[in-house]
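Visitor: quick one: sequence and predicted model below, then my questions.
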There are 2 protein chains.
Amino acid sequence: MKRSTTATRDRLLRAAGQLIAEFGWGRVTTRSVAERAGLPHGAVSYHFSGKQELLSDAAVLVFEQAFPIAELEALGSLEDALALMERWMEEAESGDLLVAEVGVEAILESSRDPVLRERVDALLRSYRAVLAELARRDAAAGTSFAGASPQAVATLIAAAADGLFLHARLDPELDSAAAMAALRSLLAG
Amino acid sequence: MKRSTTATRDRLLRAAGQLIAEFGWGRVTTRSVAERAGLPHGAVSYHFSGKQELLSDAAVLVFEQAFPIAELEALGSLEDALALMERWMEEAESGDLLVAEVGVEAILESSRDPVLRERVDALLRSYRAVLAELARRDAAAGTSFAGASPQAVATLIAAAADGLFLHARLDPELDSAAAMAALRSLLAG
DNA sequence: TCGAAAGTTGTCCATATGGACAGTCCAAAC
DNA sequence: GTTTGGACTGTCCATATGGACAACTTTCGA
């Protein structure tokens, strides 16, 4: 995938990511993005073919940077994967929650935008595939719960993680690490 | 809570609920709500003090109608609760997904709107409280997993349910019932 | 029947938004 | 030193948006 990155283009993308998190996809304006980036309004028209392209590129960028799937693929067991996800969750919560916000906004928006949908769906599918493979391996080795299919377990884990992100956004007191730990101990049998 | 319902007001609320699901909170316009309801634009100004109040009322209404907490409170065990949630999930998936969409939109929006936040937070808190009480009772009776605190279990269940809604929106093929079943069998030990 | 209060409607306005584009700047190629 | 092509900027415009409000209609108790 060719990426004709310009410094200006990158600044717009970063600004757009922030603003999606702050105001929600539908309320981000091209003007506000330019202003946040310290650039004139016209810059948007030049670097992107439209508002939707700008926001989509920005969202995918944020997500890929926050949850590098390569890290997940390198692991050997579901236990390790859950530990990594717990770490990601702590990072996100201690930070500005940018990822959680943008991620959820992107999922919602993708049901209205076929192009974005394709990109986000592929992303989530790949996470679930990695988790399912780990679950399958664990089950085969008998080191983990075997009462449900690896697919179902993977779906459950991915959903729980996303749901915790969502709820944590609402209630900062929510102990999502404890919930992940509970899931881990459940899976360990 | 007093509810000065008018037929007109209700039509606006229903229309607003639909439009939040279709276009996202930030892109719903007062004009589009009025048009969907078959009413003149001015009706919005009369019945609501502003756009935000209209959308907030609409979102809370949709949620309360779809997930009547009274049904959950009437149950005796976590097992029953999960079964009920599975049923809700099937209903939502077979339907138009209105609830899932509006629910998530409302959660996201509530981080930007203190008034809405208070309402949504109270709602979710009450669901978690009911689940935690069931978990506590089950653990005491020894009929269910006791390796984690009732609070953590409740948080996990609520998050998993919401996350499944979210992912199901993206991927209609996703078998969220299987994932819920997996969670249930995990909890059953 | 009358009158007030509540409900409803069409219209107006200040402001914002997305996109387009002509013009400017600049560094590298010739 | 001039040309050239891309990067960038300021401005303009058609359209939309939220909210206000005066005028009009319906409801209903006295």
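Guide: Alright, I've got the coordinates. Numbers count the residues shown, from 1 in each chain, chains lettered A, B, ... in the order given.

Visitor: just the element for residue A:177, please.
Guide: helix A:176-188 (DSSP states H and E).

Visitor: quick check: buried residues in whichever helix in chain A runs longest?
Guide: When chain A is parsed with DSSP state H, its longest helix is helix A:114-141. Buried residues in helix A:114-141, counting neighbours by 16 or more other C-beta atoms under 10 Å in any protein chain shown, are found at A:116-117, A:119-120, A:123-124, A:127-128, A:130-132, A:134-136, A:138-139. Any C-beta I mention is one placed from the backbone N, CA and C, and that applies to glycine too.

Visitor: give me the contacts around the helix holding residue A:177.
Guide: For helix A:176-188, contacts defined as C-beta atoms under 8 Å, 6 or more residues apart in numbering or on different chains pick out A:78-79, A:82-83, A:85-86, A:89-90, A:93, A:144-145, A:153, A:157, A:160-161, A:164-165, A:167-168, B:145, B:147-149, B:151-153, B:155-156, B:159, B:186-187.

Visitor: the inter-axis angle of that helix versus helix B:176-188?
Guide: 80 degrees (axes from the mean of the first three to the mean of the last three C-alpha atoms, to 10 degrees).

Visitor: got a list of what the closest residue to residue A:153 other than its chain neighbours touches?
Guide: Once flanking residues are discounted, residue A:153 sits nearest to residue A:135: 4.4 Å by C-beta to C-beta, 6 or more residues apart in numbering or on different chains. Counting by C-beta under 8 Å, 6+ apart, residue A:135 touches A:78, A:144, A:150, A:153-154.

Visitor: and the residue of chain A closest to DNA strand C?
Guide: residue A:29 (3.1 Å; C-beta to the nearest atom of the strand).

Visitor: find the nearest non-adjacent residue to that residue, please.
Guide: Here the residue nearest residue A:29, using C-beta to C-beta, 6+ apart, is residue A:51, at 8.0 Å.

Visitor: ok, the one you found - how many residues close by?
Guide: Residue A:51 has 16 neighbours, counted by other C-beta atoms under 10 Å in any protein chain shown.

Visitor: wait, what's in contact with it?
Guide: Counted by C-beta under 8 Å, 6+ apart, residue A:51 has contacts A:28-30, A:44.

Visitor: please name the residues that touch the closest residue to DNA strand D within chain A.
Guide: Nearest residue of chain A to DNA strand D, counting by C-beta to the nearest atom of the strand: residue A:42, 2.2 Å away. Contact analysis of residue A:42 by C-beta under 8 Å, 6+ apart lists residue A:34.

Visitor: and residue A:72, what helix or strand is that in?
Guide: Using DSSP H and E, residue A:72 sits in helix A:69-73.

Visitor: what packs against that helix?
Guide: Counting contacts by 3 or more C-beta pairs under 8 Å, 6 or more residues apart in numbering or on different chains; DSSP states H and E, helix A:69-73 packs against helix A:78-94, helix A:114-141.

Visitor: alpha carbons only: can I get it in CSV?
Guide: Extracted C-alpha coordinates of helix A:69-73, given in CSV (Å, rounded to 0.1, in the frame of the first residue of the first chain):
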residue,chain,number,x,y,z
ILE,A,69,-1.4,-7.3,16.0
ALA,A,70,2.1,-8.5,15.4
GLU,A,71,2.6,-8.4,19.2
LEU,A,72,-0.4,-10.7,19.6
GLU,A,73,0.7,-13.1,16.9
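
Visitor: pLDDT of the helix or strand harbouring residue A:18, averaged?
Guide: Per DSSP H and E, residue A:18 falls inside helix A:7-23. Mean pLDDT, computed over helix A:7-23, is 91.

Visitor: what's the answer for stretch A:166-181, then?
Guide: 80.

Visitor: re the thing from before, buried ones in the helix holding residue A:72, by neighbour count?
Guide: So helix A:69-73, judged by 16+ other C-beta under 10 Å, has buried residues residue A:72.

Visitor: how near is residue A:155 to chain B?
Guide: Applying C-beta to the nearest C-beta, to the nearest Å, the value for residue A:155 to chain B is 4 Å.

Visitor: and the next helix or strand after the helix holding residue A:18, what's buried?
Guide: Next along the chain after helix A:7-23, taking DSSP H and E as the criterion, comes helix A:30-36. Buried residues in helix A:30-36, defined by neighbour count with 16+ other C-beta under 10 Å: A:30, A:32-34, A:36.

Visitor: which member of those is positioned nearest residue A:63?
Guide: Nearest to residue A:63, judged by C-beta to C-beta, of the buried residues of helix A:30-36 is residue A:33 at 17.9 Å.

Visitor: verify the contact between the closest one and residue A:44 for me.
Guide: Yes. Contact between residue A:33 and residue A:44 holds when scored by C-beta atoms under 8 Å: they sit 6.3 Å apart.

Visitor: kind regards, and thank you for your time.
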